[in-house]
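S.K.: sequence first, predicted model second:
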Amino acid sequence: MPTITPRTLSALLGALPGQRPAYVELTEAIRLLVVDGRIPPGGRLPGSGN
């Protein structure tokens, strides 16, 4: 299972618009990165634990 570093995730996310609550925007942005194939399904994100 590949691990995504915080720096890589930040670069992939870019700037979030800031028009909705942060957790909503972050969730949607990560979902789109997985759908686009830029984060592999099952990839470990920063802070996802063991």
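M.R.: Perfect, I can see it now.

S.K.: could you report the pLDDT at the spatially closest residue to Met1 that is not a sequence neighbour?
M.R.: Once flanking residues are discounted, Met1 sits nearest to Gly42: 5.2 Å by C-beta to C-beta, 6 or more residues apart in numbering. (Each C-beta comes from the backbone N, C-alpha and C, glycine too.) In this prediction, Gly42 carries a pLDDT score of 84.

S.K.: quickly find the element holding Gly42.
M.R.: Secondary structure assignment for Gly42, by DSSP states H and E: no helix or strand.

S.K.: my guess is it meets Val34, correct?
M.R.: No - look at Gly42 against Val34 with C-beta atoms under 8 Å: they stay out of range, at 9.4 Å.

S.K.: what does the helix ranked longest in the chain contact?
M.R.: In the chain, assigned by DSSP state H, the helix with the most residues is helix 22-35. By C-beta atoms under 8 Å, 6 or more residues apart in numbering, the list of residues contacting helix 22-35 from outside reads Leu12, Leu13, Leu16, Pro17, Gly18, Gln19, Ile39, Pro40, Pro41, Gly43, Leu45.

S.K.: show me what counts as buried in that helix.
M.R.: Ile30, Leu33 (16 or more other C-beta atoms under 10 Å).

S.K.: need the distance between the two termini of stretch 14-23.
M.R.: Using C-alpha to C-alpha, to the nearest Å, one end of stretch 14-23 lies 15 Å from the other.

S.K.: Gln19: neighbouring residues, count only.
M.R.: 7 (other C-beta atoms under 10 Å).

S.K.: meant to ask about Pro17
M.R.: Every residue meeting other C-beta under 10 Å relative to Pro17 is counted, giving 7.

S.K.: for it, which non-adjacent residue is closest in space?
M.R.: Per C-beta to C-beta, 6+ apart, closest to Pro17 is Glu25, 6.6 Å.
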